[in-house]
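In: Below is the structure, and that's it, no one-letter string:
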């Protein structure tokens, strides 16, 4: 399995050190790693092979080989991470420690964040797999892409108000990062549609 590190993470770390928000970021990245290990273990149990571990500024992602990766497998793998964070939060609600509140809040935040139905977050993957199972029309890319963009606009509007109220640079960075991954996904979606049209055109000639 290859490991790929996004160098932007170092710029984010410097910004958060300067704004004195590095502690919460360190906890989030630790539990993001545990979150991703849960994905990996679930995938291995389902007889999938991990291909790459990606370390991004606001999360860690794992990519599996496509073989045997059915829609049901995708749902189980996507659920494993957030459910692990929820279990950790519940566990530490009974364990008294100096960082108890920070640990609980970090894991709840990760679970909620990843369950937002924006592709390629876990929630988006779950939604896309459910659509694929139920629609049988092959329109899951179209529907999930529209939902992702609508939700990002709503999240940006809500976050803009919260940023003005709380002056939280961390929230601004998260929204900016979400837009980066959504724009990348939009570009992938457009490219895929163009290729599909070209293939369809070739078939009809």
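Out: That came through, no problem. Note that the coordinates shown come from a computational prediction; the quantities given were computed from them, not determined experimentally.
In: neighbours around the closest residue to residue 126 other than its chain neighbours, how many?
Out: Sequence neighbours aside, residue 78 is the residue nearest to residue 126 in space, at 4.8 Å (criterion: C-beta to C-beta, 6 or more residues apart in numbering). From N, CA and C alone the C-beta is placed, and that goes for glycine too. The tally of other residues near residue 78 (other C-beta atoms under 10 Å) stands at 24.
In: I figured residue 22 hits residue 28, correct?
Out: No - Residue 22 lies out of contact with residue 28 (C-beta atoms under 8 Å); the separation is 10.5 Å.
In: what does the average pLDDT come to for the helix or strand harbouring residue 51?
Out: According to DSSP states H and E, residue 51 maps onto strand 50-56. Mean pLDDT, computed over strand 50-56, is 79.
In: Mean pLDDT per helix and strand in the protein: which one sits at the bottom?
Out: helix 8-18 (a mean of 72; mean pLDDT, DSSP states H and E).
In: and that helix, what other elements does it pack with?
Out: helix 22-45, strand 50-56, helix 169-204 (3 or more C-beta pairs under 8 Å, 6 or more residues apart in numbering; DSSP states H and E).
In: Would you mark the buried spots in the last one?
Out: Going by neighbour count (16 or more other C-beta atoms under 10 Å), the buried part of helix 169-204 is 170, 173, 174, 175, 177, 178, 181, 182, 185, 189.
In: now the shortest one
Out: Of the residues in strand 50-56, those scored as buried under the neighbour-count criterion (16+ other C-beta under 10 Å) are 50, 53, 55, 56.
In: And residue 160, what's its pLDDT?
Out: pLDDT at residue 160 comes out at 87.
In: give me the element it is part of.
Out: Applying DSSP H and E, one finds residue 160 within helix 140-166.
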